[in-house]
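> Let's see this in three dimensions:
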Amino acid sequence: MPDDNGKNGITRRNFMGRLAAGTGAVGVASTGLMSMAPGKKAHASQKKSDVDGFVDDNVCPIPPIDPPAKWDKEVDVVVVGGGGAGLTACNKAIENVDSVLVVEKFYNAGGSTKEATVAICWGTKAQKRLGIEPDPAWLVSWSLKDSAYTVDPDLIAHLIPKAAECLDWIEDMGYWKWEVYYSEGVPFAHFPENTFKKTMMLRTQGVVTDTLYKEAVKRGVEFMFRTKTERLVRDGDRIVGIKVENQGRTLYIKAKKGVVLCAGGMSMNRDMLKEYMPFTYQGCASSYSMPGNTGDAIRMGFGAGSDIAGYNSVAVFDNSLPYFEEGYDWYRYLYNGDIQLARQPWLYVNKHGERFINEQKFGPGLSYTLLADEQMKQVGGRSYVIFDANYETDIHKFKEVQDFCEIPLLPDMPGMKEWAEDPETRDICPADWRVAVKRALDLGMIKKANTIEELADQLEIDPKRLKRTVNQYNEYCDKGRDKQFRKPKKYLIPVKKAPFYGIKVGAQIVDTECGLKVNYDYQVIDKSRKPIPGLYAASHTAGGVVGENNVSSSMNVGDCCQAYATGYIAGESVAKLG
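Numbers count the residues shown, from 1 in each chain. This is a model prediction of the structure:
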């Protein structure tokens, strides 16, 4: 994989390092990473006018252009995006065509999937080795109910078994085997063997994306990094290629069989969130999905005539800090210690200073998402985490319910020495959770006060109400019985010792689930449900997997597996259907 020398294109390191240094919002329009600074409206001076008169306002559909007089390159299949979906798409397509090109605007492959922990899937060989054989029909039924029957039954019925087929196909490449982890008592979390013991599950899916990249190169797939796709090219009613910018050069690339769009969702484009995902726009405090997810490929699909799917739907985690409200970056790495601190089951209150939920989630299954959903519904889409001076020791009292990204990072954990020595990972997330907490305190993102009333003033909550709520909660803790929400006794940690702390939080975007409408072959379809010839979409560029107006963890096929499986289907389809 190409090394980055810091001179060509933006890197994860130089982007994430801005936040580590405590600088303000980053505007990187010239790099193609984002079309505007996070959290700020585009001004007229920021709009870009193309040669054909198209004005880019950061939200509107991007129409295709006509074919050039001469193509700079011709291949059978073009894949836009080199993340989890793009890597499975190119590997699958090359099995049935002669040439595949992957165009990626970052300097390497992997995308958001590379940063993730587990792939949620059902029916794999790894599960069967444990004697687990889920019922696909039950999963389809559950998915329909979870989406309030807004998900396309054919789409989900096709996706669930294909996802298991895809993960088995990856395992059959022969590099390693999948292991299955029982998360909250449910055996659905897949990761490559032995990675949990080595890395505390940090970036375990990076092993998968590295494997897929290695295999793709071995199979003859060509990669073009630091290359931004600007427009689709249409001839008649068919998409026949793309126009790209490659380090100052404009190139036209012909796709003889088709173009697969898998460049992620719209999580880093707050203007698009406001337009297509208003609940997310209000209720989320940050995005864990990588900075490359600017929604450009979705806008190109809309410009080509695609219908929309998954309006207002998102996959989320709970309790992130809204740094962007203070002028800092919208992107936040999930494992940062301030987020880990906020996600523990302390005392939670809303803008009125009232408890609104059992802080120890909802029990096994969908706890992260259900908690985040309830937080997003609160006034202003925000809630508040309250705890006292004993937090550094009390945080470990929640050990039994800490899972994956909730486990506070410490330097002596497996993989942390290597993590701390790597400039790239060190910049986005300290190997000691307390370092990020100190930074958040210094920046005022975590409030500190000698009395509950003073803390309430800092959080802009009514002091009398918050004091009353804290007193009542402490009474529950003393008696070992939560009469209000039945929080388990062992997690009733009182708020008594000064200084007191409070954190304003919102949900955190894992991935947006709103995008281009596709059929079960992942052909992009128009409002008449007719395929747009030559155009396919996968991962979160495509929408509809969790239905409409849904806050979901996409537990039928989790976000990583959704990327792998939809890329797998799209790659297979473009090669066979053209």
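
> Please tell me how far the residue sitting furthest away from the middle of the chain sits from residue 472.
Going by C-alpha atoms, centre = their mean, the residue of the chain most distant from its centre is residue 479, 40.6 Å out. Look at residue 479 and residue 472: by C-beta to C-beta, to the nearest Å, they are 11 Å apart. (Glycine included, C-beta is placed from N, CA and C.)

> for residue 244, helix, strand, or coil?
When the structure is split into helix, strand and coil by DSSP: H, G, I helix; E, B strand; the rest coil, residue 244 lands in strand.

> Do I have it right that it meets residue 229?
Yes: with contact defined as C-beta atoms under 8 Å, residue 244 counts as touching residue 229 (5.3 Å).

> any residues in contact with both of those two?
Overlap of the contact sets of residue 244 and residue 229 (by C-beta atoms under 8 Å, 6 or more residues apart in numbering) consists of residue 103.

> Name the nearest residue to residue 514, ignoring sequence neighbours.
Beyond its immediate neighbours in the sequence, the residue positioned closest to residue 514 (C-beta to C-beta, 6 or more residues apart in numbering) is residue 310, lying 4.1 Å away.

> Look up phi and psi at that neighbour.
Phi and psi for residue 310, reported as degrees, to the nearest 10, are phi 80, psi 30.

> Distance of it relative to residue 321?
The separation that residue 310 has from residue 321, given C-beta to C-beta, amounts to 27 Å.

> follow-up on the earlier one: tell me the phi and psi of the residue farthest from the centre of the chain?
Here the main-chain torsion angles of residue 479 (degrees, to the nearest 10) amount to phi -90, psi -10.

> If I look at it, what pLDDT would I see?
Each residue has a pLDDT score; the one for residue 479 is 97.

> That one and residue 494, how far apart?
Applying C-beta to C-beta, one obtains 11 Å for the distance of residue 479 from residue 494.

> leaving aside the residues next to it on the chain, what's closest to residue 156?
Excluding its sequence neighbours, the residue lying closest to residue 156 (C-beta to C-beta, 6+ apart) is residue 143, at 4.8 Å.

> I figured the one you found was touching residue 158, is that so?
No: contact between residue 143 and residue 158 fails when scored by C-beta under 8 Å: they sit 11.8 Å apart.

> which one of the two has more residues nearby?
Comparing residue 143 with residue 158 by other C-beta atoms under 10 Å, the one with more neighbours is residue 143, at 25 against 18.

> What strand or helix carries that one?
Assigning secondary structure by DSSP states H and E places residue 143 in helix 136-146.

> elements contacting that helix?
Using 3 or more C-beta pairs under 8 Å, 6 or more residues apart in numbering; DSSP states H and E as the contact definition, the elements that helix 136-146 packs against are helix 153-171.

> Other residues contacting the helix it packs on?
88, 92, 119, 121-126, 136, 139-140, 143-144, 177-178, 190, 208, 211-212, 518-520, 544-545, 556-557, 561-562, 564-566, 568-569.

> Which of those residues fall in helices?
Assigned to helices by DSSP state H, the following of the contacts of helix 153-171 qualify: 88, 92, 125-126, 136, 139-140, 143-144, 208, 211-212, 561-562, 564-566, 568-569.

> May I see the PyMOL selection of the buried members of those?
This is how PyMOL selects the buried members of the ones in helices among the contacts of helix 153-171, with burial counted by 16 or more other C-beta atoms under 10 Å:
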select buried, resi 88+92+126+139+140+143+144+208+211+212+561+562+564+565+566+568+569
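
> Report the contact partners of residue 101.
73, 75, 77, 78, 79, 221, 222, 223, 224, 253.

> Now list the buried members of the residues you listed.
The neighbour-count test (16+ other C-beta under 10 Å) marks 73, 75, 77, 78, 79, 221, 223, 224, 253 as buried among those.

> which of the residues you listed lies closest to residue 317?
Closest approach to residue 317 among these (C-beta to C-beta): residue 79, at 28.4 Å.

> Surely that closest one touches residue 263?
No: between residue 79 and residue 263 there is no contact under C-beta under 8 Å: 9.4 Å.

> Tell me the residues that contact both of the two, please.
Taking C-beta under 8 Å, 6+ apart as the criterion, residue 79 and residue 263 both touch residue 86.

> closest to residue 486 among the contacts of residue 101?
Distance to residue 486 across those (C-beta to C-beta) is lowest for residue 79, with 49.8 Å.
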